[in-house]
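Novice: Provided below are the primary sequence and the corresponding predicted coordinates.
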Amino acid sequence: MRVLALARFRLRGALSARVLLAPGVALVALQVVGLAGGAQPAAVLAVTSAALALPPLAWVARQVLDAEPDDQVLLSALAVGGPVRGTLAGLLAAYAIAAPLAVLCALGSLLRVDQDGMPAGVLLAGGALALVTALAAVGIGAFAARSVAGRGGTPVVVLVGAPVLVAVLGLAGSPWVSALVPRLVAAVRATNPPAGSPFGPNEWLVPRAPAILLQILLWAVLVLALRLVLARRRS
Amino acid sequence: MGQGLCVELRKVGVRYGRRSPWVLQHVTLTLPAGALVQVTGRNGAGKSSLLRVLAGVLAPAAGVVLDRPGVVGWAPERFPTAQAMRTGDYLRAQARVRGLAAGAERAVRREADRLGLGSLLEVPLRQLSMGSAQKVGLAQALLAPPGLLVLDEPWSGLDADARHAVPELVRQVVGAGGSVAVTDHQRQVAALAPDLRWQVEGGAVTDAPIRPAPHDGRRVVVEVELDERQAPEVLAELRRRGLAPRVR
C-alpha cells in the first residue's frame, strides 16, 4: 500500500509539473505521421502504432521518473522504506501513464481500419501489444532517468539509441540476436503474409502474436528487474 | 540515554564516484538509543554526508551501517521546494507513504500546529520562503514518530516561534527513546545538552567528549521508578535542566 501511495504521489507530481507535454506532442506527431494514408488492416495499424509509440513512451517514462528533485526522491525512498520500493513506485507511476497512452494510440490508429474490420483476435493482440510495449518503454525510460544516466547527454543517447537498437537488432537474421531487444520488428513482419498466401494481415498476425507478446513481456520484466537490482545495490 | 544500541557505523567511507576523493573514511561510531548527538565541523567537512549515511539516504562506498531503526526522519539542509504541489497535499501524501493512511490528516494537523504551518497548507511549495520550506522539511520528518531523527541545520531560516519549537521536537523524540543527530551552525543545539558530539574533520569523525555541566559539591545518583507513559515527559524535563538521565 505504501508503494502504491508513493506511486500516486509521483504520478500526481509528474502530471502537475507538466513535464509530459513535449513527449506527449512527439507521441501524437509520430502516430499521425506514421499512420497517415488510406484505410489499412487492423493488424497493420495496431502493430505500427505500438512500434511508433515505443520511443516517445520511453521519453514519457523518463520524464515521470525525473519529475521530482533529487532530495525529494531520497525523502520519498526513506518514507516508503528504501530505494528499491522507491524505485518500484516510480516505475509503477511511469507505467500508469505510459500504458493508457499506448492503448489510446492503438485505439486511435483503428479509426482508419479497412473493410475487413476489427476481428476480436486482432483487437486482443493489438491491446496486449500496446500494454507490453508500454512496459518495455518504461524499462528503457528507467535507464535514461537521471538516477542511472546522469544529467549529461547520456539520457538522450539511451532514449535515441534504444529504439535504434530495437530496429537494427530486430532486423538481424538470428533469432538469438533479435531476442536481445523487444521484437517489435517481428510484430511488423507478422502483419506481412508471404506473397500468394491465402491469409490477410489480420489472420497472419493472430497465431504469431502470443510468442511475440511473451518475448516483449519477458524482455521488459528483465530490464525492470535489473533496474530494481541496481537500486538495491546502491542502497 | 537508553541502553540498547541504535545505529552503528562500522568502518564507513563516503565518496561521490569511484575516482572521487574520500569525503569520509574509516568512520566507526555508535549512536545509542535515546541519545542526542551534535555533529560539528567546518563547511564542506562532510557533516551532511555523514548525516545522509546515518539516515540511510546515501549508501556508504565502504563499510556498513547496522541497526538503523525502521522509521527514520530526515530533514535535509534545504527542503526541495521545486515541486508542483500544495504544502498540505504534499504532507498528506508523505504521511500516506509513511503508512499513516487513516491518520494522515491528523498527523499533518499535529505537525502544522507544532511548527506554525497552518496558514501555509494551501500555499504551493514553490512559493514558500526559505524558513517556511524548512518547516515543511521538519514536518515531513516527524509525520511518523521516528526512531532516528536526522536534522541538517534545522534552525536555518526559521522564525522565532519555530526556533523555539525545534528543541521541544527534539526532546520529544529523545524522550520517546529515539535518537537524534543534528548539525547546527546557529549554535542552538548546545542548549539541548547533547549526549554526544561528533567532530568531522579531514575525512575522519571523532567522538568528542561533552564537557559535563559545572557543579559544586558532591554528586549523587537518584533512581526514579515511574509509569512508562510518564517517562518521555520526565526525561524531557530532566534534559531541559541540563541533566543526562539514563533509562533502564
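Specialist: Thanks, I have it.
Novice: buried residues in stretch B:149-168?
Specialist: The neighbour-count check on stretch B:149-168 (16 or more other C-beta atoms under 10 Å in any protein chain shown) flags B:149-158, B:162, B:165-167 as buried. Heads up, the C-betas are built off the backbone N, CA and C, glycines and all.
Novice: so is that stretch next to chain A?
Specialist: No - Stretch B:149-168 is not in contact with chain A by C-beta under 8 Å from any C-beta of the partner chain; minimum separation 9.5 Å.
Novice: report the separation between the two terminal residues of that stretch.
Specialist: Using C-alpha to C-alpha, to the nearest Å, the end-to-end distance of stretch B:149-168 comes out at 13 Å.
Novice: where do the helices sit along chain B?
Specialist: For chain B, the helices defined by DSSP state H cover B:47-55, B:87-97, B:104-115, B:130-142, B:160-175, B:231-240.
Novice: now the ones you listed as a markdown table including mean pLDDT?
Specialist: Formatted as a markdown table, those follow (pLDDT from 0 to 100):
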| stretch | mean pLDDT |
| --- | --- |
| helix B:47-55 | 94 |
| helix B:87-97 | 95 |
| helix B:104-115 | 91 |
| helix B:130-142 | 92 |
| helix B:160-175 | 85 |
| helix B:231-240 | 72 |
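Novice: which residues touch B:L121?
Specialist: Applying C-beta atoms under 8 Å, 6 or more residues apart in numbering or on different chains, we find B:L121 in contact with B:86-88, B:91, B:108, B:112.
Novice: cool, and A:P182?
Specialist: Going by C-beta under 8 Å, 6+ apart, A:P182 touches A:54, A:132-133, A:136, A:166, A:170, A:215-216, A:219-220.
Novice: any of the contacts of B:L121 buried? List them.
Specialist: Neighbour-count burial within the contacts of B:L121 applies to B:86-88, B:91, B:108, B:112; the criterion is 16+ other C-beta under 10 Å.
Novice: which member of the residues you listed is positioned nearest chain A?
Specialist: Using C-beta to the nearest C-beta, the shortest approach to chain A within the buried ones among the contacts of B:L121 belongs to B:R86, at 9.6 Å.
Novice: give me the distance between the closest one and B:V136.
Specialist: Look at B:R86 and B:V136: by C-beta to C-beta, to the nearest Å, they are 11 Å apart.
Novice: any shared contact partners between these two?
Specialist: Jointly contacting B:R86 and B:V136 under the rule C-beta under 8 Å, 6+ apart are B:L125.
Novice: where does pLDDT dip in chain A?
Specialist: Along chain A, segments meeting pLDDT under 70 span A:234-235.
Novice: ok, 50 please
Specialist: Scanning chain A for pLDDT under 50 picks out no residues.
Novice: just the helices in chain A please.
Specialist: Under DSSP H, chain A gives helices at A:2-16, A:21-34, A:42-65, A:70-80, A:83-109, A:120-144, A:146-149, A:154-170, A:175-178, A:184-189, A:201-233.
Novice: any idea which of those helices is most buried?
Specialist: helix A:42-65 (a mean of 27; mean count of other C-beta atoms under 10 Å in any protein chain shown).
Novice: from the buried ones among the contacts of B:L121, pick the one nearest A:A46.
Specialist: Of all the buried ones among the contacts of B:L121, B:R86 has the smallest distance to A:A46: 40.8 Å, by C-beta to C-beta.
Novice: pretty sure the closest one is touching B:R126, no?
Specialist: No - shown here, B:R86 and B:R126 do not form a contact pair, counting by C-beta atoms under 8 Å, at 9.9 Å.
Novice: about what we covered before: kindly reformat the helices of chain B as JSON lines containing distance to B:A61.
Specialist: Below are the helices of chain B laid out as JSON lines (distance: least, C-beta to C-beta, whole Å):
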{"stretch": "helix B:47-55", "distance to B:A61": "10"}
{"stretch": "helix B:87-97", "distance to B:A61": "28"}
{"stretch": "helix B:104-115", "distance to B:A61": "34"}
{"stretch": "helix B:130-142", "distance to B:A61": "25"}
{"stretch": "helix B:160-175", "distance to B:A61": "29"}
{"stretch": "helix B:231-240", "distance to B:A61": "36"}
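Novice: list the residues that contact A:A209.
Specialist: Applying C-beta under 8 Å, 6+ apart, we find A:A209 in contact with A:121, A:125, A:128-129, A:187, A:190.
Novice: any idea how far chain B is from it?
Specialist: According to C-beta to the nearest C-beta, to the nearest Å, A:A209 stands 39 Å off from chain B.
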